[in-house]
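Visitor: Sequence first, then the predicted structure, then my questions.
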Amino acid sequence: MLPGEPSVPGNDPEGFGVNGLAIALKFFWDRGHEAYGMLPKFRLKPGKSNDPGLLNQLYRKDCLITTPCKEFPSRGMCYDDRFMLEIAARFNCAICSNDQYRDIMHERPGWAELVRTRRIPFAWNSNTFTIGNESALQ
């Protein structure tokens, strides 16, 4: 599972960088893994991403998990880290994130262990998505 917003290059105030999320998802799909991106629901609205067509395509293919958010006139606000950890714990999946979740990892039993053992850090080099240790995917 990928937290969509912080994980992709190309995010800017004008819109969320959808192509980076698609590249990261494809990285895992090409290696035979199920992978999903997680985004606040407001990102599906017009003008909230830099490629609404690709974002809608990913959404229609059930590749995205949307989280609820507060809607304000000028922006949407969401803290989806809790959703990320809850879903990862419930479905026994890994999280590909550079966030160490220090602020919430002790809120529920098992979350600290999940973060220590099933969090996979990543890096971008230009438009190439990489993880430090591909053997972690086994």
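Guide: Nice, I can see it. Everything quoted here is computed from the prediction, not taken from an experiment. Numbers count the residues shown, from 1 in each chain.
Visitor: alpha carbons only for contacts and neighbour counts from here, please
Guide: Fine.
Visitor: quick one, strands of the chain?
Guide: Along the chain, counting by DSSP state E, strands occupy 2-3, 37-40, 64-67, 70-71, 76-77, 95-96, 119-120, 122-125, 128-131.
Visitor: Looking at the ones you listed, spot the one closest to G20.
Guide: strand 128-131 (8.3 Å; C-alpha to C-alpha).
Visitor: elements contacting that closest one?
Guide: Under the contact criterion of 3 or more C-alpha pairs under 8 Å, 6 or more residues apart in numbering; DSSP states H and E, strand 128-131 touches helix 18-29, strand 122-125.
Visitor: Could you list the buried residues of the first one?
Guide: If I follow you right, that is helix 18-29. Buried residues in helix 18-29, defined by neighbour count with 16 or more other C-alpha atoms under 10 Å: V18, N19, G20, L21, A22, A24, L25, K26, F27.
Visitor: What of the shortest one?
Guide: Applying a neighbour-count criterion of 16+ other C-alpha under 10 Å, one finds nothing buried in strand 122-125.
Visitor: Tell me the helices and strands packed up against it.
Guide: Using 3+ C-alpha pairs under 8 Å, 6+ apart, strand 122-125 sits against strand 128-131.
Visitor: mind checking how far the strand it packs on is from the chain centre?
Guide: Chain-centre distance of strand 128-131: 14 Å, with C-alpha atoms, centre = their mean, to the nearest Å.
Visitor: circling back: what about the helices and strands packed on strand 128-131, which gets the closest to A94?
Guide: Nearest to A94 among these is helix 18-29; the distance by C-alpha to C-alpha comes to 11.4 Å.
Visitor: If you average the pLDDT over that closest one, what comes out?
Guide: For helix 18-29, the mean per-residue pLDDT is 91.
Visitor: From here on, call the first residue 536.
Guide: All right, first residue 536 from here; so that's helix 553-564.
Visitor: Pull the residues that contact that helix.
Guide: Outside helix 553-564, the residues that touch it by C-alpha atoms under 8 Å, 6 or more residues apart in numbering are 537, 539, 542-545, 569-572, 584-587, 589-590, 593, 662-664.
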